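Participant: Whatever this is, show me its structure:
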Amino acid sequence: MTKLTLDSLGERLTRRMAGSVSRRSALAKVGGFLSAAVLPVLPVSKAGAATTPSSAFTRNAQTKDPKTCDYWRYCAIDGLLCSCCGGGVHTCPPGTQPSAVSWVGTCINPDDNKSYLIAYRDCCGTSACRTKCYCDSTERETPVYRPQTDNDVIWCFGLSSMSYHCSTAALVGIAE
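Facilitator: Residues are numbered from 1 along each chain as shown. Take a look at the predicted model:
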């Protein structure tokens with residue numbers, strides 16, 4: 001009885017497939033698999049989607065008070081504002097830690113009418129902040145199968161505590 005090694009098993013499967021499948025068919029299947037696996041991770045430009053102030057949020061956005069839901073950076077935020085919970089627009093309050101991952105949005109600054117990429121990050125580690133500063137902006141929200149732009153996920157993965165406290169809105173840069 002012969003002992004099958006991984007190499008000989010691979011050779012048998014490859015020879016059997018070569019005898020029954022054409023090269024074009026195999027290449028088409030490999031290409032289809034690669035495009036299905038790689039296409040969802042390609043970067044998507046959202047700058048064009050944010051250039052026209054068509055939503056009620058964009059028309060009413062302001063740049064003065066970061067403790068209100070109509071502050072311009074909060075166009076895609078969902079949660080309690082850290083600026084009302086002892087933190088800042090882009091900093092977590094003491095005793096909490098920022099999540100390692102974030103979701104993103106493209107917001108228009110009404111002062112210069114330019115689109116900016118905003119990274120929303122949850123602050124975790126203590127129970128939810130008890131404040132009336134809860135905002136749920138759904139401008140250009142995408143379904144849960146596009147998690148990088150879904151604001152309904154609690155992003156406290158991999159931290160010492162999964163307890164959600166509040167959310168920040170850090171300016172990443174101009175969306176081009």
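Participant: So which helix or strand of the chain has the lowest pLDDT on average?
Facilitator: Of all helical and strand segments in the chain, the minimum by mean pLDDT, DSSP states H and E falls on helix 23-38, at a mean of 73.
Participant: show me where this protein has helices.
Facilitator: 6-20, 23-38, 56-60 (DSSP state H).
Participant: Export these as CSV, with columns for mean neighbour count and distance to Ala170.
Facilitator: Placement of C-beta: from N, CA and C, glycine included. What follows is these, written out as CSV (neighbours: other Cβ atoms under 10 Å; distance: least, Cβ to Cβ, whole Å):
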stretch, mean neighbour count, distance to Ala170
helix 6-20, 10, 48
helix 23-38, 10, 28
helix 56-60, 14, 19
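Participant: Distance to Asp111 added to those, as CSV?
Facilitator: Listed next are the helices of the chain as CSV, based on distance: least, Cβ to Cβ, whole Å:
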stretch, distance to Asp111
helix 6-20, 62
helix 23-38, 39
helix 56-60, 13
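Participant: Out of these, the one nearest Asp78 is which?
Facilitator: helix 56-60 (12.8 Å; Cβ to Cβ).
Participant: ok now that closest one, how far from the chain's centre?
Facilitator: 22 Å (Cα atoms, centre = their mean, to the nearest Å).
Participant: do the same with stretch 122-136
Facilitator: With Cα atoms, centre = their mean, you get 19 Å for stretch 122-136.
Participant: buried sites along it?
Facilitator: Using 16 or more other Cβ atoms under 10 Å as the test for burial, stretch 122-136 gives 122-126, 129, 133-135.
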